[in-house]
Structures are given as structure tokens and as C-alpha cells.
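**Q** only geometry, no sequence info:
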């Protein structure tokens, strides 16, 4: 699928060439004509790429031309990035001294030498591109115009559509499986019985297993429930590690050998009645299964295993119950799913002809919910009959699905994506299967690779990225969305078939490095290392020739990694945009790190050994995301940390008692997200927060020594939209009085586990007209809601939980006409009584609220009281 990548890269190049930076560089270095020639050539090529994509299907020569073009365009992009990086570095130098014209720096002796070098590179790459452009003319391509991203209306985002279709038509399956699991078992001689659920990919096996797993009768009967996603690799050691990780709440056991692991597993399962779900199993090796089953058999009699699989041979090997074959949904059930996904609620009545065409489309989906949801999402924005008929009459229906094939139906949904979303979706193949995908992290990764673009310069790229993300979610490329209190999508998953599709369309741009990998395509741009110990390992020699790789990440906690391995990685991959070393244990950065001038995304989260960041990291002027979460030994930030002008997201853990104003706030005017976590010695935030004028989200968690927030400087955070404070035991929210606090853009306020909090500071009143979500939980001293609450005319959700001293609500609750949900859980019995439905004193004030949850547990308050 090189054409979608080529089209987007060409667009990135043209976008750069029209920026102010390149206009200045062109004038000062005398490269204006070179840039113009390059722009004209790329524009001419880009205009015919859509036609080339069509001809590629019939001509191997066109396919080869597209692959060569892709290589050259990547190189052009790297060279232009060199120019823009140098421009940005010199602006940073200017900032540190008296302001001088950029031209003075570009005309210095060092710059003249650099100018000659880079000019030669530019002319050489332009010559290569013009050779390819000459070949273009031989193919007689026709110019075509691509649809603009702005022409694709987005589905309104709610959480219900993610789950609504899942529950249709599976009630009988659920009841039958629950009855089987609650029975005595299939074998009186074995403690554990195995029930296989078999069906085609996309039929809903995992969904049914989830419903069963969370059924009330199952929960009460099996005190120990474990869920493991197996996938293709049925390795005994890895499976035990997964089981123990789920059993112990996420504790990693990878450091143990097989003998130690099996002892831990047997000890944990001993005399426990267990329900274990092994989801998505492909193994048909009886010996491998027997090895695991023998270990599991030490559990109590009546324990059960549920296996979901596409393969009947797997079910026959593993099952002790007869296999449960999941059937396709009925026509009516399929149509119900389709209508939910293709129309807004009730809208189908306005389009009877589309509904009839939809019935024909659904008939061809073979009762597969995943396929139906995918096509329903595809048609959600289309209301022309011809668009629906095009899908109904598509040739792909003639292709029969085989057991291991990617569904042609999903491929059709991919083909109908706009180009900018195709590239974003294909990038998702770098993520491991069954991965809990953080929405923010994925958006930041797309940004690091330049995959997000916006025609509106006033709009943040993160917002455009959310738009892309929601569009893929609404089209069922993502599923299982986890939603926060304020309706933000926290994370999603990809169905394994959808992940297979991403791998197929990404083609050779993305490669997975496994323990037995010996060679990789030289044009690979993204590398994912599969699980394996790196301790004592040398850098794979076959990767040394891949000097154009743009991202390196690991499917596992990196752990011990040699200094030589890391130095070789950095020295080899100088074009990196993204480097994820989460869970690594190195103590210092290699000296060559400053050469990663293209780097946009760097994660060294959960590194327990790193004590300091070297000052040369401040040379990474393109860096947008820096994740230092869990770096508990980090003692300081670099002297010139403020030079990271492009930084937009910073996650920080450290041993500092206060942050250096110059190091953190000064210069970081681009910062949008600041997450401060597990800073156990932190006593105060920096006073210079007024410099963080673009900050939109501020998260502070697990900072037990934090005494106060600098209200005087925080009042200047005029862009702040979300404030989350959690587990700060000593925090006296603001050290100054109320009128020092102004957050005029705030729409979400979450305060959790703050024992000293008695009331909301008066300063929050400044946000009364914008705030939509308020959550106050586990604050045992909190006793009064502010009088100004009635001014919160946009308030949509109010959650008050475990605030035992709170006995009243303020006057004017009936004025909160936008309030859709009120939760009062385990606060005082007095407040609960006042809010009682129908008879409570406050009921006339709150009866207009559609969803009210009012629950009081006296035992919970006894527990809270003991903790005060």
C-alpha cells in the first residue's frame, strides 16, 4: 500500500516548503530557486499518485516506480528536516542571548560551511527525484484530486455505540455457556474442565466470553477469575508469566525461570476454584497443551477453562466438554447491529430505501458482527443511494473467507478511508496484538511521524489527532473503548483481524524483529522488537544497514540493556522520530544521543536506574513528547531543559523537592500536557508556571509531600482545560486567597484522595461558565459545596463519593439545566436521605437530572472514619 504513504509524504514535503522557516532559509542561504524547483517537482508527482495507485494493480512497473519514489521522498523529507532543525536550533541560541536577526547566525562561518554541505545534499536529492519524475512521464498518468480531510464529517462520539451491537443476539449463548460452567464438570477424575468456544474470526467469540466472565452467577461461583489473551505463541513460560501477572495485579514475573514460575503458579492455584479464559488460541500441539494443563490441574475440583479459538483442531485437543460452536447471527439480529452503526438513533425511518439496500449488504456479511459493524461505520456518513449501491455491488463479495484470511469486508472498509486515515491506521500495525492502546500516546506518535495535519493553524494538532482517532473508532477499526469520567477516550483495543489488516496494508514499511529474525527489508522505516532478553546481547548485525529507520519500540519491558547495544542503536538510526525504551535499566545516556536531531518522541519510562538527564538532550529541539514517568531515581533536570521549545507533552517522576524554574517552565511555551507522578519528595511546583501559556491538561498524582500549588502563577494558565489531582496527602490546594486563582478555560476538575480538602477554592468560580465535569472522591474532610455551583450552567456531570462530612448541596441546583448525571455515593447518610427519590428534601431541586445515583453504605463510612 505504498501509494497512501507516498501521497502523505509528498504532502508533508510541500507543507514544509511553504512555511516561513523555509522562506527565510531560502532567502538567506540563496536556496530559494532550489526549494522552488523541488516544490514544483513534488507537486507534479503528487498530482498523479492517485491514478498511479489504480494502475499499480495492473502493472508491476508502476508498483516498482512507487516503491522507488517512496524511498526518495523519505530522503527528501529527512533533508528538509535537517534544514528546519538547524533553523529552530538557531532560534534557541538567539533566545539565550540578546535578540539578533536569524540572518546573522545563518551567515556565520560555521553556518557557511553547513550551507555548502546541505546545499550539496539538496541538489543531489533533487536530481534523484527529477530522474524518477522523468519516469513518471512514461506512464501517462492522469491527474486526480484527493478528498480533503475536512470533507469527511465525523460521527458524534458517545460510548454507547461501542457496546450496543456487542450485546445483540447472544443471550442464549451466554445462558447456555454459564450453565455448562456451573455444572459439576465433564470429568470426575480431573479437577479442571475445558470448554472450547469455536467460530470464525469476527463472529464474537471474545465478546461472548466477556459476557460469561462478568456474569453475576459466574462471579459468585468462581472467586478466582483470570483472563489471558494467548494469540499465536503458545509458549509455556510466557503463558505462565501472563497468568501470574493477571493473578497478582500486574506484577511482572519475567525474571523467573520456568521452574520458579511453575512453583509460583501451583502455589497460587492450590485449592482455589478457578475460571480461566484463554482467549484466541491457535495451538494444535497436544504436548504444549498438556504441559500447561498438568500445572493448572492443581486447582480445586470444579475449576473451568474457557478457550476461544477459530480452529476446530485446537478445540478437539484442548476440550473436555464438547466444543461450543458459535453460530452466525440471524438476519434480524444482524440488521439491528447494522442500523445502530449506520444511522443515528431513529434516523433509519427517514431513509427507507437505504435500509432496503442495507438489508442486501447485511445478507452478504454471513452473520459476522465485526464485518457488519465495519460496514455500518463506513456508511454512517453516506446518505446517497449510489454510495450504498457501490458497496452492495462491490466485487469483493465474490471472495470467500478462509480460516486465516483477513476479512475482505474489513479491507473494503480500509479502501474507503481517506488517505490521511489510511496512513494512521497502517501505523497501528507497530503496536503488539491485544495491546491496550492509549489514545493520547497513539496521537502523539502520529504527530511524531508527521501523520497529522490541520488546515486551521489555530487548532492544536492534538485536537486534529483526536478527530482522526474517533473516526477510526467509529468505523470499528478500534473497539473496547475505556472512557474517563469526563467522556474522554482513555484507551482502546484492536480486534486481532483488524490488526492483521493493519499489518497487511503497512506492507514492508514496518518490521517485527524476533529472536529468529536474520534479515529485514532495507527500506523498513519502523521496527518493533518482539519479547526476548536483551541482557548481554549485542546489537543485531543485520540491522546495521537500516540507517533510515524512523521508529524503534519494544513489545516488552526492555530491562537490562548493554551500553554498547544502546550506543549502536543510536549511532545507526540517526533518522529516528520515535524511540520507546520503556522499562529499560541503563544508567546513563550514550554521548551520541545528541545526534538524534529528528527525534520527536522519547520514552524512558519506568527506568529505575537513571539518575540524571545529560544536558545535550536539550539539543533535541524537535522533541515533542518526553516520558520520564516512573524514573524514581531521577535527581535533576538538565540546565538547558527550557531549550526544548517544541515539547508538547511531559510526563515526569523525580526525587526533586522543587522544580527549577529555568529548567522546566522557562521556554516550554508549547507544552500542552504536564503529568507529574510519584514525585515523593516534591514540596512545591515552580512559581514560573505563567510561562506555560499553552498548557491544557495538568495531572498531579502520588506526590505525598506536595504542600501547595502556586495560585499566583497558575492564574495565568488561561488555556488549562483539565486539572486532575490525586493522592496528595499534604496538599492545601492553593496557598494564596481565592481571587488569585483564574482558570477561565477549565472544563474538567477531578480531585481524589486529598485529605486536607474542605471546600473548593473560591477562585474556581472564574471557571463556572465553562466547567462541565466535577469529581470529588475520597476526600474525608470535604464538607461544603460552593454557593457558586449554581452558576455552572454548563455542568454535565457531578460526582461526589466517599466524602463523609458532606451533608448538603447548595441552593440553586434546579438551575443546573445541563446536568445529566449526579452521583452521590457513600457521603453522609444525611445527604443521602435529603436526595432520596420522591421524598427527599432536595428531590424537587434535582428531579430534572436524567441519571441520579444515590447510594449510602454505613460500613464504608466507618472505614473512611478510621482513616482520617
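**A** Yep, it's here. None of these values were measured; they are calculated from a predicted model. Residues are numbered from 1 along each chain as shown.

**Q** how close does residue 191 sit to residue 302?
**A** Distance, residue 191 to residue 302, by Cβ to Cβ, to the nearest Å: 7 Å. (Each C-beta comes from the backbone N, C-alpha and C, glycine too.)

**Q** following element in sequence after the lowest-mean-pLDDT helix or strand in the chain, please.
**A** Ranked by mean pLDDT, DSSP states H and E, the weakest helix or strand in the chain is helix 160-164, scoring a mean of 32. Reading on from helix 160-164 to the C-terminus, the next helix or strand found by DSSP states H and E is helix 171-182.

**Q** tell me which residues of that next one are tucked away?
**A** Using 16 or more other Cβ atoms under 10 Å as the test for burial, helix 171-182 gives 173, 174, 177, 178, 180, 181.

**Q** the spatially closest residue to residue 284 that is not a sequence neighbour: how many residues sit nearby?
**A** Excluding the flanking residues, the one nearest residue 284 by Cβ to Cβ, 6 or more residues apart in numbering is residue 313, at 4.6 Å. Using other Cβ atoms under 10 Å, residue 313 has 12 other residues around it.

**Q** helices and strands around the helix or strand hosting residue 313, which ones?
**A** Per DSSP H and E, residue 313 falls inside helix 312-318. Packing partners of helix 312-318 (3 or more Cβ pairs under 8 Å, 6 or more residues apart in numbering; DSSP states H and E): strand 192-198, helix 286-296, strand 303-309.

**Q** could you give the average pLDDT over that helix?
**A** Averaged across helix 312-318, pLDDT comes to 88.

**Q** C-terminal to it, what's the next element?
**A** strand 324-325.

**Q** for whichever helix or strand comes after that following strand, buried residues please.
**A** Moving toward the C-terminus from strand 324-325, the next helix or strand (DSSP H and E) is helix 331-342. Buried residues in helix 331-342, counting neighbours by 16+ other Cβ under 10 Å, are found at 333, 334, 335, 336, 337, 338, 339, 340, 341, 342.

**Q** moving C-terminal of helix 331-342, what's the next helix or strand?
**A** Later in the chain than helix 331-342, the nearest helix or strand by DSSP H and E is helix 352-363.

**Q** just the helices in the stretch 651-800 of the chain please.
**A** 661-664, 711-714 (DSSP state H, counting those that start in this stretch).

**Q** least reliable of the ones you listed by average pLDDT, please.
**A** helix 661-664 (a mean of 62).

**Q** wait, residue 746 sits on residue 718?
**A** No: with contact defined as Cβ atoms under 8 Å, residue 746 does not reach residue 718; the gap is 9.9 Å.

**Q** quick one, which of those two is more surrounded?
**A** A direct count of neighbours by other Cβ under 10 Å for residue 746 and residue 718 places residue 746 higher, at 23 against 14.

**Q** what are the phi and psi angles of the residue lying closest to residue 829 once chain neighbours are set aside?
**A** Excluding its sequence neighbours, the residue lying closest to residue 829 (Cβ to Cβ, 6+ apart) is residue 856, at 5.4 Å. Per-residue torsions, residue 856: phi -130, psi 130 (degrees, to the nearest 10).

**Q** and the pLDDT at residue 856?
**A** Residue 856 is assigned 87 on the pLDDT scale.

**Q** wait, doesn't it sit right on residue 826?
**A** Yes: counting by Cβ under 8 Å, residue 856 does reach residue 826; the two are 6.2 Å apart.

**Q** with neighbour numbers in mind, choose between the two.
**A** Under the neighbour definition other Cβ under 10 Å, residue 856 and residue 826 were set side by side, and residue 826 has more, 22 against 18.

**Q** where do the strands sit along the stretch 701-850 of the chain?
**A** Along the stretch 701-850 of the chain, counting by DSSP state E, counting those that start in this stretch, strands occupy 708-709, 722-726, 732-734, 748-752, 773-777, 797-801, 821-825.

**Q** could you do the stretch 101-250 of the chain as well?
**A** Under DSSP E, counting those that start in this stretch, the stretch 101-250 of the chain gives strands at 192-198, 224-231.

**Q** of all these, which lies closest to residue 53?
**A** Nearest to residue 53, of all the strands of the stretch 101-250 of the chain, is strand 224-231, at 32.2 Å by Cβ to Cβ.

**Q** mind listing what the residue nearest to residue 775 when sequence neighbours are not counted touches?
**A** Leaving aside its sequence neighbours, residue 775 sits nearest to residue 799 (Cβ to Cβ, 6+ apart; 4.2 Å). Neighbour list for residue 799: 485, 774, 775, 776, 777, 821, 823, 825 [criterion: Cβ atoms under 8 Å, 6 or more residues apart in numbering].

**Q** the third one is in contact with residue 753, isn't it?
**A** Pointing back at residue 775 there. No: counting by Cβ under 8 Å, no contact exists between residue 775 and residue 753, whose distance comes to 11.8 Å.

**Q** sorry, back to before: let me know which of the strands of the stretch 101-250 of the chain is tucked in deepest.
**A** Most buried of the strands of the stretch 101-250 of the chain by mean neighbour count (mean count of other Cβ atoms under 10 Å) is strand 192-198; its value is a mean of 24.

**Q** which other helices and strands contact that strand?
**A** Using 3+ Cβ pairs under 8 Å, 6+ apart as the contact test, the elements touching strand 192-198 are helix 171-182, helix 205-213, helix 286-296, strand 303-309, helix 312-318, strand 324-325.

**Q** kindly reformat these as TSV containing distance to residue 522.
**A** Converted to TSV, those look like this (distance: least, Cβ to Cβ, whole Å):
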stretch	distance to residue 522
helix 171-182	49
helix 205-213	38
helix 286-296	35
strand 303-309	37
helix 312-318	37
strand 324-325	46
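
**Q** of these, which approaches residue 113 most closely?
**A** Among the helices and strands packed on strand 192-198, helix 205-213 comes nearest to residue 113, with 59.8 Å by Cβ to Cβ.
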